[in-house]
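# model the following, please.
(one chain, ligands or ions: 1)
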Amino acid sequence: MRWDIFCQIVDNYGDAGVCWRLARSLSSLHGQEVRIFCDDLPTLNLLASGVDPFIKQKIDIQAWEASYDNTRHPVQSPDVVIEAFGCELPERYLTSLLIAPIKPLIINLEYLSAEPWIVDFHTKPSPQSHGIPKYFFFPGFQEEVGGILIDPVPAEGQTVAKNIPSDLKDVWSKLRSHAKRVSIFCYPGAPLRQWLMDLGAIGEDIDILLTYGHAELLNLTGEQPIQLPGNLQLLSMPFVSQDEYDWVLSQCDFNIVRGEDSFVRAQLAGKPFIWHIYPQEDRAHEVKLTAFLDLYLEDTNPELRLAIIAAMTWAMPSEWFSTLNTWHTHAQAWRSQLLQNQGDGGLAARLLRFVA
Ligand code: TRH
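Sure thing, here's the model as predicted:
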């Protein structure tokens, strides 16, 4: 089938991250013809840059405006149109669908959530005045919903650094072999300075990998740079491609992640993590975090449960860091369970089945 994915980047990288991962799964795993129309091509191309050129060349990446003249493209009528995160289709593109001999199916791809209510809304129709059938599709963890994007599945227990990506070689050469590794990718507003001071006071040697832009977030280069204990080493990474970032997560002992895509990747890496969920004004993010923790902690003992809840709500590391080994075992078990639940192929495969 022919798929058109519309991706509007509100802010950050998550919209592009999810659309790219979906596009590559549909194309490379399921042999679908995929075009992406995106309003921020530099960001999308940056994320996609690390992928095998064979996978990339099969996906037609276009500027948002290129969709206005649908007839100019060799592939004309799509079978499926994805509105990622409810972005509105350009009017001129929609008009071209209205005159197409065979109408496509429009899918409103929603945000990932662990909340139970999505079961009732997943795959429900969203009737439109233009008459083209449109449906809601909810990514999620339960069997009855849209699943998660699992491609590419990282190999289990990737602890030995093999094939270090070229743009990370410099940073990697500075890592101390005996030190623990923590990667940080979070939103402004996280109590990072205090968190790092407290982590340092535990006394272990830890290398902290800051993702692109996070040194500024910590004011490391500003007037009052943070003074950390010598056992912590701060290393700034460049912005890397999505595949390389996935790899970094698998190489760390602990990850701080955010948004939706890095959150899923941290789980698939099988490592303990803090999910710094995207903060929303009405505090809806707290409900979402609780819903996820209800699933994630279902089978854990009370001690670990309390420790993980504390960590995820930014309690200082000295309160929970001693549980890291047990948490790691739990993270590995959660990864296996997740992969088992998504054994049907996860989001891309469920989407294909629904459309079929
Ligand atoms: O960038 P995000 O904060 O995106 C968020 C989410 O989509 C959120 O749900 C949405 O409401 C908000 O934007 C507007 O976090 P996320 O989802 O983890 O996406 C980050 C993507 O960037 C992910 O695909 C990994 C990728 N990435 C790289 O490719 N290289 C890097 O160096 C880093 C740090 C990330």
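# need the residues of the chain near the ligand, please.
10-15, 17, 47, 111, 185, 211-212, 239-242, 245, 258-262, 278 (C-beta under 6 Å from any ligand atom). Using the backbone N, CA and C atoms, a C-beta is placed for each residue, glycine as well.
# residue 335 is in what secondary structure piece?
helix 324-341 (DSSP states H and E).
# so what does the helix or strand following that helix touch, helix or strand wise?
Using DSSP H and E, the helix or strand that follows helix 324-341 in sequence is helix 346-355. If you count contacts as 3 or more C-beta pairs under 8 Å, 6 or more residues apart in numbering; DSSP states H and E, helix 346-355 packs onto helix 14-24, strand 105-109, strand 134-137.
# hmm, back to that, buried stuff in the helix holding residue 335?
Within helix 324-341, the residues scored as buried using 16 or more other C-beta atoms under 10 Å are 324, 326-327, 330-332, 334-335, 337-339.
# now tabulate those residues in TSV and tack on pLDDT and distance to residue 32.
Compiled in TSV, the buried residues of helix 324-341 are given as follows (pLDDT from 0 to 100; distance: C-beta to C-beta, whole Å):
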residue	pLDDT	distance to residue 32
324	98	41
326	98	42
327	98	38
330	98	36
331	98	32
332	96	32
334	97	30
335	96	27
337	96	28
338	96	24
339	95	22
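# out of those residues, which is nearest to the ligand?
Nearest to the ligand, judged by C-beta to the nearest ligand atom, of those is residue 338 at 16.6 Å.
# the closest one: what's it in contact with?
Neighbouring residues of residue 338 by C-beta atoms under 8 Å, 6 or more residues apart in numbering: 141, 148, 150, 267-268.
# and it, how far from residue 332?
Distance from residue 338 to residue 332, counting by C-beta to C-beta, to the nearest Å: 11 Å.
# rewinding a little: pick the most buried one from the helices and strands packed on helix 346-355.
Of the helices and strands packed on helix 346-355, the one with the most neighbours on average (mean count of other C-beta atoms under 10 Å) is helix 14-24, at a mean of 25.
# list of residues touching that one?
3, 5, 7-9, 34, 36, 38, 40, 43-44, 47-48, 51, 55-56, 59, 82, 84-85, 87, 109, 149, 151, 242, 259-262, 278, 347-348, 351.
# what's the next secondary structure element after that helix?
strand 33-38.
# I'd like to know which elements that following strand is packed against.
If contacts are counted by 3+ C-beta pairs under 8 Å, 6+ apart, strand 33-38 sits against strand 2-7, helix 14-24, strand 59-63.
# who touches whichever helix or strand comes after the shortest one?
Same thing as strand 59-63. Later in the chain than strand 59-63, the nearest helix or strand by DSSP H and E is strand 80-84. With contacts defined as C-beta under 8 Å, 6+ apart, strand 80-84 is touched by 1-8, 15, 18-19, 22, 89, 97, 104-109, 355.
# tabulate the CA atom coordinates of stretch 145-165 in PDB.
Extracted in PDB, the C-alpha atoms of stretch 145-165 (Å, rounded to 0.1, in the frame of the first residue of the first chain):
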ATOM      1  CA  VAL A 145      -4.600  -0.900  21.700                       C
ATOM      2  CA  GLY A 146      -2.100   0.300  19.000                       C
ATOM      3  CA  GLY A 147       1.100  -1.000  20.500                       C
ATOM      4  CA  ILE A 148       4.500   0.700  20.400                       C
ATOM      5  CA  LEU A 149       7.100   1.200  17.800                       C
ATOM      6  CA  ILE A 150       9.700  -1.500  18.400                       C
ATOM      7  CA  ASP A 151      11.900  -1.100  15.400                       C
ATOM      8  CA  PRO A 152      14.900  -1.600  15.500                       C
ATOM      9  CA  VAL A 153      14.900  -3.900  18.500                       C
ATOM     10  CA  PRO A 154      18.300  -3.500  20.400                       C
ATOM     11  CA  ALA A 155      20.200  -6.700  21.000                       C
ATOM     12  CA  GLU A 156      19.900  -7.900  24.600                       C
ATOM     13  CA  GLY A 157      22.700  -7.100  27.100                       C
ATOM     14  CA  GLN A 158      24.600  -4.700  24.800                       C
ATOM     15  CA  THR A 159      27.300  -3.700  27.300                       C
ATOM     16  CA  VAL A 160      30.500  -3.900  25.400                       C
ATOM     17  CA  ALA A 161      30.900  -0.800  23.200                       C
ATOM     18  CA  LYS A 162      31.100  -2.200  19.700                       C
ATOM     19  CA  ASN A 163      31.000  -0.100  16.500                       C
ATOM     20  CA  ILE A 164      31.100   3.200  18.300                       C
ATOM     21  CA  PRO A 165      29.500   5.800  16.000                       C
END
